[in-house]
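*Asks:* Next come a sequence and a model predicted from it.
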Amino acid sequence: MKPTQWSYPGGGINQIPAECTISGDVRLTPFYSVKDVMSKLQKHVDDINENIEKLDTRGPVSKYALPEENLRGSLAVTFDEATSGVACNLKSRGFEVLCKATEKIVGHVKPYSITGTLPLIRDLKDEGFDVQTVGYGLMATYHAKNEYCLLSDMCQGYQIFTSIISQLEN
């Protein structure tokens, strides 16, 4: 989980705001269920709200509930669109053919994993397709301010593609 944006209504430098919104995201590896994680987060928030008076404080005047003033702190969690990650099958025919073609053209194969959101890829895998994701080029420029690729890397990608097709024909 990473809180990336904080906002509050403002006020004086010596005032604690009555509310604050913290926004962020949760990046899951594909081995966890998004629905299960959302449920677990909601349960934690519900538990905190039910037991707000039991939370640790910073001394006798630091409180999350002020019954005399009819004030009680609370947390709320909301979820925007949720997507699941995907783990490619490293024992499939597709992976085998892809590695063989890559090694033939590039000279080496170094599988790795990366997190991100590719809903279409997950949908295809869920439908039974042998999904593999690849990238040939400069990882250092991936999502860089001036992202670019080299024509030579794209040519290698094309050669790999044709090598995959020739393996599948056999």
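*Replies:* Perfect, thanks for sending it. The shown structure was predicted, so the numbers you read here are calculated from the model rather than taken from an experiment.
*Asks:* Quick one: low-confidence residue ranges for the chain.
*Replies:* The chain contains residues with pLDDT under 70 at 116-117, 170.
*Asks:* distance between the top helix by length along it and the chain's centre?
*Replies:* What stands out as the longest helix in the chain, according to DSSP state H, is helix 151-169. In this view, helix 151-169 has its centroid 30 Å away from the chain centroid, taken as CA atoms, centre = their mean, to the nearest Å.
*Asks:* Ok, stretch 66-85 next?
*Replies:* The mean C-alpha position of stretch 66-85 is separated from the chain mean by 22 Å, CA atoms, centre = their mean.
*Asks:* And stretch 41-61, by the same measure?
*Replies:* 27 Å.
*Asks:* With stretch 161-170 instead?
*Replies:* 33 Å.
*Asks:* buried stuff in that stretch?
*Replies:* Buried residues in stretch 161-170, counting neighbours by 16 or more other CB atoms under 10 Å, are found at 163-164. (C-beta placed from N, C-alpha, C; glycine too.)
*Asks:* Likewise for stretch 60-78?
*Replies:* Quick answer for stretch 60-78 (16+ other CB under 10 Å): 63-64.
*Asks:* Can you get me the start-to-end distance on it?
*Replies:* 31 Å (CA to CA, to the nearest Å).
*Asks:* can you check stretch 5-14 too?
*Replies:* 22 Å.
*Asks:* What lies in contact with that stretch?
*Replies:* 17-24 (CB atoms under 8 Å, 6 or more residues apart in numbering).
*Asks:* cool, and stretch 46-66?
*Replies:* Everything outside stretch 46-66 that qualifies as a contact, by CB under 8 Å, 6+ apart, is 71-75.
*Asks:* let's go with 6 Å and repeat that
*Replies:* Here stretch 46-66 makes contact (CB atoms under 6 Å, 6 or more residues apart in numbering) with 72-75.
*Asks:* Could you export those to CSV, including columns for secondary structure and distance to Phe31?
*Replies:* As requested, the contacts of stretch 46-66 are exported to CSV (DSSP: H, G, I helix; E, B strand; the rest coil; distance: CB to CB, whole Å):
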residue, secondary structure, distance to Phe31
Arg72, strand, 38
Gly73, coil, 35
Ser74, coil, 32
Leu75, coil, 27
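*Asks:* Taking the chain centroid, which residue in this protein is the extreme one?
*Replies:* Glu68 (43.3 Å; CA atoms, centre = their mean).
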